[in-house]
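Novice: sequence-free structure coming up:
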């Protein structure tokens, strides 16, 4: 039985003032007493005008239902404002927007600005300024969350930045840059050090609730048997990106990272569970419901963090609850998200040489000769992967899954022949073989390529994607071109050079009926909208 | 000079020893680093670095997945002395993801990493190659015909990279590679992720055919999904919108010869290198007259 916050408590501040302090206090008190296990309706079914979470919605489709901007009018899209995040560096943040206010997070920091004008409303800055890659936050009723560089999690009042609670991270762990996800009253965060972990805190009180870790903490845990000896103790499997959530089954879905040592598997024979997995966890307890491992015994740093996209569709004749992922290892996966069953997998890049296919359970069939070596071993895709953390998008109207596809190979080196040797990789074996990025539309239910848009001069990672109900895909290009593509054909319709690197994903929101598209570039947030009607100039 | 000189320069600069020595000499206070200028320690520091630091920083000092490059021309460094870098290695940088390494690296190992990191930052002009730079200038403008593509302080051509500050931007071995290796590649920021807009580093040969008129051949200065900027072989800048073009061909190979060690005598080659490793902005060159006046 879901408990819901009384509607009156979720009213805007002005309404609360009208209701009087007594009622407000009662609501706050109720907020305390409803401290656990509540679903916020606006997060389950977001108002199209808002963008409340990293991926815009729990299903991580990154699809905006707004339809004002269309293929026929996008040519007149114009920049409305640029907001400068002083002191930061190549922002990777997805801003969130609620009721006309945009919140831009970094480690230790949130700036709240007018989402129409870019004018600052308040700023929270915990010392010191930090320019690490922090990728977003989330709104929960009147709260917004800050991850700090000194192992703390904070909740602020989203109206003025006041600190509502501050919690030292359980076990004194450092949080990674992924955006917190709030689901069923829990703030879910993750990190890397010393090994990967996911933790949940009560959104109301900040109280620690549960932790799940992909590598075992003791030899008694069942997955310890998938690591040679005690290699699990330093097993890695970082978790550094946000996840998805299914309110119906109350499962959160996260990707887990690569096992350690990264490029040498000699000391960790076995599948090294739960590294490089998609995992489903019970939101209330953190219990592992199911896992699907994309790259068993990985030696190429193919983190499985790429955003799991939840889609309900008729698949092979019957309605199914699917989970879609385009993985760094080059395969596109379709899973049944209720139980993790592998339904389909196919390469989504043309250059994939380490595996000849997937078996009936989705396990890759290996092609020998691709382990990293002292002299260097060529493998396609590269360590950076066939795609990486920049988000894909799913458009229910076209049924296409759009992904930033990275065609290219890499050389993987071992630093020595020592069994635990570390080292690195080179992006491409030869000059003139640099990676090439594409926006690639796949048929979501087969993985078949529908169209390609080559991002000329984009060779690294690439920013994320946004689809809109207007039929326009927004696709940022690495070196500054912010492009609009036709969702059906991939034809470029509009572009704007921000003049700085684009290393984040775009969002869409609306204020007073006007649709905006925004994206971080360099140290700025840019917002775009269609021009106002003539005469809509300055008032008094 | 001897015939083996290029090899010696390669060996020494590959380890960064000369650059480290040059930096160490400029330090105002006594250097606490027991390995300053020690080539063997720099080599060991490189191995330690690649083993201990590349989970975040990139291989060989390039930018990595989570942390910046440590030896990039143009980057301003907050920590410049041996002691400051040692402090970062041993104690980490509070408020950042840089961890304290004290538990894993001994003091001796940390100082070696420091020597390596500082060595990464030196460029050719910090330890110019010995030789007759004035004679090298004659080779540059004469027998080597370098000036048919390159420019130095206003003299020469617009087509290739401008070289007035080449010794302030590159290491000697990188300059050597450009003169002798066909697969030479200039890495910009390097590593997994470029942290700034890429420099115009490729000099890709390209032939563009407009809807009307003759094809234009030249070197790509920049391009994106919608436009091209080309320095033509006619030494004119050509700006194109892709939408109006009939064809864009990317031509294989580089205009840059890679056999200067063969087309020049060893003496000429060494002197050319001596000249090039002294071309740095804001510095008196050893032989100012060697530059010559613009034609």
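Specialist: Received the coordinates, thanks. Every value quoted in this text rests on a predicted model; they were computed, and no experiment measured them.
Novice: Please report the distance of residue A:199 from residue A:141.
Specialist: Noted for residue A:199: a distance of 21 Å to residue A:141, by Cβ to Cβ, to the nearest Å. Placement of C-beta: from N, CA and C, glycine included.
Novice: Quick check on those two: which one has the bigger neighbour count.
Specialist: residue A:199 (24 against 19; other Cβ atoms under 10 Å in any protein chain shown).
Novice: Can you tell me who that one pairs with across the strands?
Specialist: Counting by DSSP bridges, residue A:199 is bridged to residue A:189, residue A:211.
Novice: Who are the contact partners of it?
Specialist: A:169-170, A:173, A:188-191, A:208-212 (Cβ atoms under 8 Å, 6 or more residues apart in numbering or on different chains).
Novice: Need the max-distance pair from these.
Specialist: A:191 and A:209 (15.8 Å; Cβ to Cβ).
Novice: which of the two has more neighbours?
Specialist: residue A:191 (23 against 20).
Novice: Wait, a helix at residue A:232?
Specialist: Yes - remark: residue A:232 belongs to a helix, assigned using DSSP: H, G, I helix; E, B strand; the rest coil.
Novice: Next one, pLDDT for it please.
Specialist: As predicted, residue A:232 sits at a pLDDT of 96.
Novice: Please verify my assumption that it contacts residue A:224.
Specialist: Yes - Residue A:232 lies in contact with residue A:224 (Cβ atoms under 8 Å); the separation is 5.4 Å.
Novice: Residues in contact with both of the two, list them for me.
Specialist: Common neighbours of residue A:232 and residue A:224 (Cβ under 8 Å, 6+ apart) are residue A:216.
Novice: what residue ranges in chain A are flagged as low confidence?
Specialist: The model of chain A has pLDDT under 70 over residues A:1-37, A:421-433, A:535-540.
Novice: Check chain B too.
Specialist: B:1-29, B:72-76, B:102-103, B:183-202, B:282-295.
Novice: Strands of the stretch 101-250 of chain A, residue ranges please.
Specialist: Counting by DSSP state E, counting those that start in this stretch, one finds strands in the stretch 101-250 of chain A at the ranges A:101-106, A:109-114, A:120-125, A:139-140, A:143-147, A:152-157, A:163-168, A:174-175, A:181-183, A:186-193, A:197-202, A:208-212, A:244-246.
Novice: brain fart, the stretch 51-200 of chain B
Specialist: So, for the stretch 51-200 of chain B - with DSSP E, counting those that start in this stretch - the strands run B:151-152, B:155-156.
Novice: so can I have CSV of the ones you listed showing distance to chain A?
Specialist: Formatted as CSV, these follow (distance: least, Cβ to the nearest Cβ, whole Å):
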stretch, distance to chain A
strand B:151-152, 24
strand B:155-156, 25
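Novice: So which of those is the most surrounded?
Specialist: Greatest average neighbour count among the strands of the stretch 51-200 of chain B goes to strand B:151-152 (a mean of 20), per mean count of other Cβ atoms under 10 Å in any protein chain shown.
Novice: From the chain's centroid, how far away is it?
Specialist: 17 Å (Cα atoms, centre = their mean, to the nearest Å).
Novice: Check stretch A:175-187 too.
Specialist: Distance, centroid of stretch A:175-187 to centroid of chain: 11 Å (Cα atoms, centre = their mean).
Novice: ok, and does it reach over to chain B?
Specialist: No - using Cβ under 8 Å from any Cβ of the partner chain, stretch A:175-187 stays clear of chain B, coming no nearer than 8.9 Å.
Novice: Ends of that stretch, what's the gap?
Specialist: End-to-end distance for stretch A:175-187, by Cα to Cα, to the nearest Å: 13 Å.
Novice: And chain A, what are its domain boundaries?
Specialist: A:1-36, A:169-306, A:309-387+A:391-454 (automatic domain parsing).
Novice: Point out the most buried one among those domains.
Specialist: With a mean of 22, the top stretch among these by mean neighbour count (mean count of other Cβ under 10 Å) is domain A:169-306.
Novice: how long is it from one end to the other?
Specialist: Domain A:169-306: ends 25 Å apart by Cα to Cα.
Novice: And the helices in the stretch 151-295 of chain B?
Specialist: Along the stretch 151-295 of chain B, the stretches classed as helices by DSSP state H, counting those that start in this stretch are B:166-169, B:172-180, B:260-263, B:266-276.
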